[in-house]
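J.: Structure for this input, please:
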Amino acid sequence: MSLPDCPPCDRSLWSLSDDVIYLNHGSFGPTPRSVFAAREAWSQRLASQPMDFFLRQMEPALDAAIARLGQLIDANPRDLVFVDNATVAMNAVAESFPLSPGDEVLLNDHEYGSVRRIWQRVCDRQQARVVCATIPVPLATVDDVLEPLFAAVTPKTRLIVISHVTSPTAIVFPVEALCARAQELGIPVCIDGPHAIAMREVSLKSMQPAFYCASLHKWLSAPLGTGFLYVDRRWQHKLTPPVLSWGKSLTGRPARWQDEWNWLGTRDPAGFLAVPAAIEFLESISMQTFRDYGHQLARQARQRIEALCGTQSLVPDDAQWYGNMITVPLPEGPSLRSSPNSWDPWTQQLWEKFRIEIPVVDWHGRRHIRVSCHLYTTTAEIDLLLEALQHLLHAG
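T.: Coordinates of the predicted model:
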């Protein structure tokens, strides 16, 4: 597929500043104007009659919104609940998951830093242990992921926690194959999936994890503060919400496990209720067009950065392994090292000198640049990124 001369949709559909080249949708996705307007409309509806909204309108509206999300990710809406983001969802799973002294929770070295902290805290408290499997790169086959991971499984392994699409390395992990093998061993799987929603075709009915945690403000471009938690029915009765409130339906309908989550005291649910507008926005352009365009642009960025830096990406040049986001190693050298406790100097310089928002991340002591491409990203912006990188390389 060749890239079109211009993006599939106009940048003006977002509220992005004209003076920024935004290549970090994978961290903080800007909200399209139409989705922001939908959120504001829901907030206005709440403000016009709060009593009526909370007691009569909110639950049916949340049900409709979660059902629309369920269609997108092929999940029964009775197994889904809205939460603020994937971090809230992962904390809820960790705080509820039964662990005893000596038990093990298996992660790997590509996982998001906050996920590792969440499980380390819980394991420390329960006298359990976090085991971190090393998945070497570059990868070539599915077994390159599965074999080192399952080699770290022991009789004490109680849960596998893994990303669908990794944050630091931008790799699409083979979670369907992983879940199938884990089920054969009787080990539940918790998937951290904020980068997968919209970027990948997701079927939770086929995947069948125990838990799936996700944010919707990334590739789906839903409002900030929107995410979801999927819980297999065998685990729903064991899960406790992060905030304890009334724990019952406000409309008086028969009890559901989501009741504990839908009413956490008084809050504005407008972001959740605008999620269908985000889905409709991408589907109006075509979800496949979004995926194809973003992947081809990320592929172009990958090839050009590799050529400029003389480095090799972590996965094969195949849509099976990466989508709209790619991570490429930068050259090694003492002058190019960054402190793990601060923003990388190149992240700062790319913004201050070139008005490019893009993360340079430290992974295993090696600096990498991660490029995110959405519908508004252009080949001209990738050109400017390459010019900026060339300048920094020569200056370094």
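
J.: Can you get me a residue count around residue 153?
T.: 17 (other CB atoms under 10 Å). All C-beta spots, glycine's among them, are computed from the backbone N, C-alpha and C.

J.: per-residue pLDDT, it?
T.: If you check residue 153, the pLDDT there is 98.

J.: now residue 20
T.: 96.

J.: now swap in residue 243 and tell me
T.: pLDDT, residue 243: 88.

J.: part of a helix, is it?
T.: No. Read with DSSP: H, G, I helix; E, B strand; the rest coil, residue 243 is coil and lies in no helix.

J.: Show me the domain layout of this protein.
T.: What automatic domain parsing lists as the domains of the chain is 11-16+286-395, 36-281.

J.: Ok, which of those comes nearest residue 23?
T.: domain 11-16+286-395 (4.2 Å; CB to CB).

J.: Now distance to residue 22 too, for the domains of the chain, in CSV please.
T.: As requested, the domains of the chain are exported to CSV (distance: least, CB to CB, whole Å):
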stretch, distance to residue 22
domain 11-16+286-395, 5
domain 36-281, 12
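
J.: which parts of the longest helix seen in the chain are buried?
T.: If you go by DSSP state H, the chain has its longest helix at helix 287-309. Of the residues in helix 287-309, 287, 290-302, 304-306, 308-309 count as buried by neighbour count, 16 or more other CB atoms under 10 Å.

J.: Show me what the following helix or strand past it is packed against.
T.: Sequence-wise, the next helix or strand downstream of helix 287-309 (DSSP states H and E) is strand 325-329. For strand 325-329, the packing partners by 3 or more CB pairs under 8 Å, 6 or more residues apart in numbering; DSSP states H and E come out as helix 287-309, strand 366-372.

J.: The ones you listed: which one's closest to residue 349?
T.: Among the helices and strands packed on strand 325-329, the nearest to residue 349 by CB to CB is strand 366-372 (12.2 Å).

J.: Might one say that residue 185 is in contact with residue 155?
T.: No. Residue 185 is beyond contact range of residue 155, at 10.1 Å (criterion: CB atoms under 8 Å).

J.: quick one: which of the two has more around it?
T.: Each of residue 185 and residue 155 has its neighbours counted (other CB under 10 Å); residue 185 has more, 10 against 5.

J.: Please name the residues that touch the residue lying closest to residue 79 once chain neighbours are set aside.
T.: Closest residue to residue 79 apart from its sequence neighbours, by CB to CB, 6 or more residues apart in numbering: residue 230 at 5.6 Å. Residues near residue 230 by CB atoms under 8 Å, 6 or more residues apart in numbering: 73, 75, 79-80, 204, 209, 211-214.

J.: Please apply the same query to residue 391.
T.: By CB under 8 Å, 6+ apart, the contact list for residue 391 reads 353-354.

J.: Tell me, how many residues neighbour residue 362?
T.: Each residue near residue 362 was counted by other CB under 10 Å, and the total is 16.

J.: cool, residue 130 as well?
T.: Residue 130, neighbours per other CB under 10 Å, totals 18.

J.: do residue 83 as well
T.: Residue 83, neighbours per other CB under 10 Å, totals 26.

J.: cool, residue 96 as well?
T.: 16.

J.: from what I can see it touches residue 240, true?
T.: Yes. Counting by CB under 8 Å, residue 240 is a contact partner of residue 96 at 5.0 Å.

J.: any idea how far the worst-scoring helix or strand of the chain on mean pLDDT is from the chain center?
T.: Ranked by mean pLDDT, DSSP states H and E, the weakest helix or strand in the chain is helix 259-262, scoring a mean of 91. Offset of helix 259-262 from its chain centre (CA atoms, centre = their mean, to the nearest Å): 23 Å.

J.: What of stretch 91-107?
T.: For stretch 91-107, the distance to the chain centre is 21 Å (CA atoms, centre = their mean).

J.: What average pLDDT does that stretch get?
T.: 98.

J.: okay, how far is it across stretch 74-87, tip to tip?
T.: 22 Å (CA to CA, to the nearest Å).

J.: same question but for stretch 89-104, I mixed them up
T.: 20 Å.

J.: for that stretch, which positions count as buried?
T.: Buried residues in stretch 89-104 (16+ other CB under 10 Å): 89-94, 96-97, 99, 103-104.

J.: How about residues contacting it?
T.: Against stretch 89-104 from outside (CB under 8 Å, 6+ apart): 83, 105, 114-115, 118-119, 121-123, 126-131, 154, 156-159, 190, 192, 211, 213-214, 227-229, 238-242.

J.: Let me have the buried residues of stretch 89-104 in a markdown table, extended by distance to residue 148 and secondary structure.
T.: A markdown table is the format used below for those (distance: CB to CB, whole Å; DSSP: H, G, I helix; E, B strand; the rest coil):
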| residue | distance to residue 148 | secondary structure |
| --- | --- | --- |
| 89 | 26 | helix |
| 90 | 23 | helix |
| 91 | 27 | helix |
| 92 | 29 | helix |
| 93 | 24 | helix |
| 94 | 23 | helix |
| 96 | 28 | helix |
| 97 | 23 | coil |
| 99 | 23 | coil |
| 103 | 21 | coil |
| 104 | 16 | strand |
